[in-house]
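Novice: how would this look folded up:
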Amino acid sequence: MIHETINPLVNVIKGLTDQLNRSQPHTTAGASSSVVGGAVLASATIGIPLAGAGAATSAELTENENSVAIDPTNPDTWPTNSSWCSNTNIRPSPQTLQHIYDEWHVGWNKNPPLKLLEQKYRYRWRQGKTAMSNQVNRRKLLVTNFMTTNAAVEPLQQELYEYYEDQPDKSKLHCLASINRFLDNVLRNDYLGGQHGAKT
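Specialist: Residues are numbered from 1 along each chain as shown. Purely as a prediction, here's the structure:
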């Protein structure tokens, strides 16, 4: 409301201003110091979205606050989409069954454990990689059927050595080819109900 004044001219201006205020709503928007009729317009300082660099920075901060770092060993931090682990590698040349067991449960060379990848995404994380997928399936068969505990690894390794009894140098058996042959010719027979230990 216009403050009372002794100047008659101001009274005339006040009357005209009151008529204008009654005939149309305030549409002026600006800084908080905007004045109409001697009163600060509250609407001039609220409800105006910020734009420009400040707004972008705020969005970036919000995104950073909501994002969660992916821990390769903790599937609770993994997204539902498996694309983040598309570059996962498996151990190219495991030399012993212990290597395969450890890769399954712990991971190899900072890659996620194969067990957790299979539980979370099944085959989707390795889709389109036929050779690697075949090796994962072989290792899965080994670990989930014949090495269900760490204590079962060493006896199975000894059984592998016995299968290659004609090879006295056991270090030459420390290769993926020997493991795969043992799996195909001995353990798969067991798994399929065949004669265990039969050489082919």
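
Novice: Spit out the contact partners of Pro112.
Specialist: Neighbour list for Pro112: Pro72, Thr73, Cys85, Thr88 [criterion: Cβ atoms under 8 Å, 6 or more residues apart in numbering]. Every C-beta, even on glycine, is put in place using the N, C-alpha and C of the backbone.

Novice: how far away is it from Asn134?
Specialist: Separation of Pro112 from Asn134 (Cβ to Cβ, to the nearest Å) stands at 19 Å.

Novice: now swap in Trp125 and tell me
Specialist: Using Cβ to Cβ, Trp125 is found at 15 Å from Asn134.

Novice: okay, these two: which has more neighbours?
Specialist: A direct count of neighbours by other Cβ atoms under 10 Å for Trp125 and Asn134 places Trp125 higher, at 22 against 12.

Novice: pretty sure that one contacts Asn81?
Specialist: No: counting by Cβ atoms under 8 Å, Trp125 stays clear of Asn81, with 9.9 Å between them.

Novice: Which parts of this structure belong to which domain?
Specialist: Using automatic domain parsing, the domain parsing of the chain gives 8-44, 75-191.

Novice: Spell out the residue ranges of the strands in this protein.
Specialist: 35-36, 39-40 (DSSP state E).

Novice: mind showing which ranges of this structure have poor pLDDT?
Specialist: Filtered on pLDDT under 70, the chain yields the residue ranges 1-68, 191-200.
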